[in-house]
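K.L.:
Fold the following.
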Amino acid sequence: MNESSTKIDLGTHALRVREAGNGPTTFVCLHGFLEDPSVWSGVAAVLVAAHDGQGQLRLLGRVGSGFASKTRHELFALLSERRTSTPPIRDAVEDRFIQWVHPVFVAEVAFREHIAGQGLRHASWQGLRPSPAETVSWSFQD
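P.N.:
Numbers count the residues shown, from 1 in each chain. Coordinates of the predicted model:
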């Protein structure tokens with residue numbers, strides 16, 4: 001697999017983007033998950049976010065592919081322990097299957113592109129990472 005690393009200057013923050021065979025990857029905060037017991041056993045998708053220039057956590061999108069069945073179950077157990085009734089992001093969406101969680105976990109996701117106002121396109125799970133959630137930032141174009 002060909003990989004190269006690019007550092008993108010976002011003003012006060014720098015985002016490390018690694019080019020992999022399936023597109024760039026980035027670190028994101030997990031702030032919720034979708035649970036649909038009629039379709040999946042475990043996590044159907046995770047909701048991902050990053051901090052904006054003011055330090056507010058904002059939605060980047062959903063990631064529902066790239067998970068092994070075992071990973072879906074492990075994430076369900078891990079995230080279920082950290083549920084909260086209050087959405088941790090300012091631009092929360094309504095969905096009866098969303099379970100909000102305290103945003104303490106960081107993951108790496110691959111994606112094809114980011115579209116302002118719509119989020120990450122074709123995002124794919126790469127795994128949890130040992131980074132502090134407070135350090136994950138994104139340059140949002142409002």
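
K.L.:
OK, contacts around the residue nearest the centre of the chain?
P.N.:
Centroid check for the chain by C-alpha atoms, centre = their mean gives residue 48 as the closest residue, at 2.5 Å. Neighbour list for residue 48: 28-31, 59-63, 107, 109, 120, 123 [criterion: C-beta atoms under 8 Å, 6 or more residues apart in numbering]. Backbone N, C-alpha and C define where each C-beta goes, glycine included.

K.L.:
which of those lies closest to residue 79?
P.N.:
residue 30 (6.8 Å; C-beta to C-beta).

K.L.:
burial measure for the closest one, as a count.
P.N.:
Using other C-beta atoms under 10 Å, residue 30 is surrounded by 25 other residues.

K.L.:
The strand or helix carrying it packs against which elements?
P.N.:
Residue 30 belongs to strand 23-34 when assigned by DSSP states H and E. Identification of packing neighbours for strand 23-34 by 3 or more C-beta pairs under 8 Å, 6 or more residues apart in numbering; DSSP states H and E yields strand 13-20, strand 45-51, strand 57-63, helix 69-80, strand 98-110.

K.L.:
how far away is the residue nearest to the centre of the chain from residue 112?
P.N.:
From residue 48 across to residue 112, the span is 15 Å (C-beta to C-beta, to the nearest Å).

K.L.:
Surely residue 50 touches residue 136?
P.N.:
Yes - with contacts counted by C-beta atoms under 8 Å, residue 50 reaches residue 136, the gap being 4.9 Å.

K.L.:
between these two, who's got more neighbours?
P.N.:
Neighbour count, other C-beta under 10 Å: between residue 50 and residue 136, residue 50 has more, with 26 against 23.

K.L.:
Find the nearest non-adjacent residue to that one, please.
P.N.:
residue 138 (3.7 Å; C-beta to C-beta, 6 or more residues apart in numbering).

K.L.:
Please determine how far that neighbour is located from residue 113.
P.N.:
Residue 138 is 13 Å from residue 113, by C-beta to C-beta.

K.L.:
same check, this time on residue 63
P.N.:
Relative to residue 113, residue 63 is positioned 14 Å away (C-beta to C-beta).

K.L.:
Same check on residue 23?
P.N.:
As judged by C-beta to C-beta, residue 23 and residue 113 stand 8 Å apart.
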